[in-house]
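# sequence? don't have it. structure:
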């Protein structure tokens with residue numbers, strides 16, 4: 001695993017990107033929750049929230065996962081929905097308020113430096129967050145610190161590029177056209193924890209017992225290419241920024257190139273089904 005040296009620079013860049021992308025994530029909140037339901041179900045089952053427990057969600061974004069289990073910890077329990085982006089936490093707070101939830105706490109927290117007491121939560125969830133953190137080892141150690149003895153961790157990270165064409169095809173096309181730089185192996189990224197052996201080593205090295213890793217395969221479905229492109233731009237801050245920096249003819253050239261490469265995923269009705277693959281990790285403090 002390559003070590004990132006400019007941690008503070010990456011953190012600042014990442015925070016700005018996620019704050020900027022928050023509006024799109026808020027708009028796609030319900031769509032994304034439905035599309036990724038198999039991963040959510042696996043994580044919730046692995047943590048097993050029950051009445052009276054305190055469950056922490058890290059890198060929560062708009063908080064769909066944490067909010068969805070608020071009824072599982074009632075009565076007497078609570079969910080802490082956290083993210084390091086204030087804009088994302090604000091979205092989660094709005095979603096919870098719309099449902100009238102009273103047992104969800106919304107916190108701006110850096111997973112690498114959790115402002116929580118030792119052994120203060122019963123379970124921790126993180127969906128596609130650890131692989132984007134500048135120091136995932138520190139974040140895993142912090143997660144273990146705040147878990148009570150016997151507390152469970154359940155997290156998800158993406159597997160490998162070849163198993164996730166929904167992401168890799170547009171990014172590779174943008175790189176081919178010079179709109180994005182090739183990925184830097186020293187920087188965190190969607191597939192930086194895609195090696196299951198590395199993943200198991202990091203989790204065990206942080207002090208967790210009995211790490212189990214399983215592949216969770218699901219599909220993203222789009223009504224047509226226009227929807228695919230709209231979702232891509234709304235949820236991918238890096239690509240959206242690259243598109244904004246180029247001219248309309250250049251953006252259209254990329255859009256046409258991606259549409260051509262996605263043709264094998266289109267059915268007779270014009271809709272698209274694209275495989276996605278995530279590692280599910282569960283372990284015990």
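That came in fine, so what should we check first? Quick caveat, the model's predicted, so the values are computed rather than measured.
# next SSE after the one helix or strand in the chain whose mean pLDDT sits lowest?
Lowest on mean pLDDT, DSSP states H and E among the helices and strands of the chain sits helix 237-244, with a mean of 83. Later in the chain than helix 237-244, the nearest helix or strand by DSSP states H and E is helix 248-261.
# what is that following helix packed up against?
If contacts are counted by 3 or more Cβ pairs under 8 Å, 6 or more residues apart in numbering; DSSP states H and E, helix 248-261 sits against helix 165-176, helix 225-235. C-beta: built from backbone N, CA, C; applies to glycine.
# how far off centre is it?
Centre-to-centre, helix 248-261 and its host chain are 26 Å apart (Cα atoms, centre = their mean, to the nearest Å).
# list the buried residues in that helix.
Using 16 or more other Cβ atoms under 10 Å as the test for burial, helix 248-261 gives 251, 254, 255, 257, 258, 259.
# what's in contact with whichever helix in the chain runs longest?
Determined from DSSP state H, the single longest helix within the chain is helix 7-27. Contact with helix 7-27 is made by 4, 32, 61-62, 83-88, 90-91, 94, 132, 134-135, 187-188, 233-238, 240-241, as judged by Cβ atoms under 8 Å, 6 or more residues apart in numbering.
# and the buried ones among the residues you listed, selectable in PyMOL?
Per 16+ other Cβ under 10 Å, the buried members of the contacts of helix 7-27 correspond to this PyMOL selection:
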select buried, resi 4+32+61+62+83+84+85+87+88+90+91+132+134+135+188+233+234+235+236+237+238+240
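# so, low pLDDT: which residues of this structure?
Within the chain, the stretches with pLDDT under 70 are 1-5.
# go again with 80.
Low-confidence segments of the chain, defined by pLDDT under 80: 1-6, 237.
# please enumerate the strands of it.
Ranges of strands in the chain, per DSSP state E, are 54-58, 78-83, 104-108, 121-127, 147-158, 209-222, 272-284.
# I'd like to check the angle between the last one and helix 248-261, please.
Okay, so that is strand 272-284. 80 degrees (axes from the mean of the first three to the mean of the last three Cα atoms, to 10 degrees).
# next one: the first one
With the same axes, to 10 degrees applied, the angle from strand 54-58 to helix 248-261 works out at 120 degrees.
# cool, and the longest one?
Using the same axes, to 10 degrees, the direction of strand 209-222 lies 110 degrees away from that of helix 248-261.
# can you check the fourth one too?
The directions of strand 121-127 and helix 248-261 differ by 100 degrees, with the same axes, to 10 degrees as the criterion.
# within the sheet, what are the partner strands of strand 121-127, with directions?
Sheet pairing of strand 121-127 (DSSP bridges) gives strand 54-58 (parallel), strand 147-158 (parallel).
# not counting the shortest one itself, show me its contacts.
Read that as strand 54-58. 47, 49, 63, 65-66, 69, 73, 77-83, 109, 111, 116, 120-127, 129, 139, 143, 146.
# try it again with 6 Å
Residues from elsewhere that reach strand 54-58, judged by Cβ atoms under 6 Å, 6 or more residues apart in numbering: 49, 65-66, 78-82, 111, 121-126, 129.
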